[in-house]
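Asker: Let's see this in three dimensions:
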Amino acid sequence: MRTKLAIAVSLGLISLLTGCSSSSDAKKQEVTGAPPPVYKVNFDTSRGAFVVEVHTDWAPYGSARFLELVRNGYFDNDRFFRVIRNFIVQFGINGDPAINRDWMNATIPDDPPTQHNQRGTLVYAATRQINSRSTQLFINLRDNSGILDPQHFAPFGKVITGMEVVDDIYGGYGEMAPSGTGPDPTQIQLEGNAYLTRRFPHLDYIKTATLVK
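Answerer: Numbers count the residues shown, from 1 in each chain. Prediction:
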């Protein structure tokens, strides 16, 4: 259970901002309609490009939310704020605190796992509470099936090209605070990229995440 707590720690703090109003509601567009059975998203990052392929039948709720986030440009300019070598790369807290507030409590139902947490799979972070997934994601850097499958983390996609880019994402800051000396997720939520640029200037980031046509 300690591993799940570590993956979820940045989500477990969202109650600190619950109920805060935001003036950026117009930036969050409503996206309707079911996602296609399979689609691809290109991540153009400061380290290079990689492509993920999403399979809706693996995790329908996760696929629909991911497509919504991509179409809204949610991941653009977001930092990879947690990189644990030989474990995971985590991202999905928006760099604009106002936009982050619009999404952070918009949780989705849990998907029953249908795939293993193998190297390169894309998965939502979650707390110990049911239906707690929102915007934060991680990519498995190794086969974590033995650790994460029993905790019901449900992969919904996988990196199909550019895994070497994912492997090379900057990880010099280590584990997140308070367990380590890396970024404090509460401060990311409160200050966004201003905090990360000031305190953790070497973090790699997503330039754009766009659907592959």
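
Asker: where in this structure is pLDDT low?
Answerer: Within the chain, the segments meeting pLDDT under 70 span 1-32.

Asker: now the strands for it?
Answerer: Ranges of strands within the chain are 38-45, 48-55, 82-84, 88-91, 121-124, 137-140, 157-161, 206-211, based on DSSP state E.

Asker: Rebuild the ones you listed as a markdown table, extending it with distance to Glu175 and mean neighbour count.
Answerer: Placement of C-beta: from N, CA and C, glycine included. Below are the strands of the chain laid out as a markdown table (distance: least, Cβ to Cβ, whole Å; neighbours: other Cβ atoms under 10 Å):
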| stretch | distance to Glu175 | mean neighbour count |
| --- | --- | --- |
| strand 38-45 | 21 | 18 |
| strand 48-55 | 23 | 19 |
| strand 82-84 | 6 | 24 |
| strand 88-91 | 11 | 23 |
| strand 121-124 | 18 | 25 |
| strand 137-140 | 13 | 25 |
| strand 157-161 | 22 | 19 |
| strand 206-211 | 21 | 16 |
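
Asker: Using JSON lines, lay out these together with distance to Glu68.
Answerer: Below are the strands of the chain laid out as JSON lines (distance: least, Cβ to Cβ, whole Å):
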{"stretch": "strand 38-45", "distance to Glu68": "12"}
{"stretch": "strand 48-55", "distance to Glu68": "12"}
{"stretch": "strand 82-84", "distance to Glu68": "23"}
{"stretch": "strand 88-91", "distance to Glu68": "16"}
{"stretch": "strand 121-124", "distance to Glu68": "13"}
{"stretch": "strand 137-140", "distance to Glu68": "13"}
{"stretch": "strand 157-161", "distance to Glu68": "14"}
{"stretch": "strand 206-211", "distance to Glu68": "12"}
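
Asker: out of those strands, which comes closest to Phe75?
Answerer: Closest of these to Phe75 is strand 206-211, at 4.1 Å (criterion: Cβ to Cβ).

Asker: The closest one pairs with which strands, parallel or anti?
Answerer: Here strand 206-211 is paired, per DSSP bridges, with strand 38-45 (antiparallel).

Asker: report the angle between the axes of the strand it pairs with and strand 157-161?
Answerer: Angle, strand 38-45 to strand 157-161, by axes from the mean of the first three to the mean of the last three Cα atoms, to 10 degrees: 60 degrees.

Asker: what does strand 38-45 rub up against?
Answerer: The contact list for strand 38-45 (Cβ atoms under 8 Å, 6 or more residues apart in numbering) reads 49-56, 66-67, 70, 75, 80, 157, 160, 162, 165, 169, 204-212.

Asker: ok, back up a step: figure out which of the strands of the chain is closest to Asn131.
Answerer: With distances scored as Cβ to Cβ, the stretch of those nearest to Asn131 is strand 121-124 (11.1 Å).

Asker: what sits up against that closest one?
Answerer: Here strand 121-124 has contacts from 52, 54, 62, 66, 115, 117, 133-134, 136-140, 148, 153-159, using Cβ under 8 Å, 6+ apart.

Asker: Please export the C-alpha coordinates of that strand as PDB.
Answerer: What follows is strand 121-124 as a C-alpha-only set of coordinates in PDB (Å, rounded to 0.1, in the frame of the first residue of the first chain):
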ATOM      1  CA  THR A 121       1.800   2.100 -20.100                       C
ATOM      2  CA  LEU A 122      -0.100   5.300 -19.300                       C
ATOM      3  CA  VAL A 123      -2.100   5.300 -16.100                       C
ATOM      4  CA  TYR A 124      -4.100   7.700 -13.900                       C
END
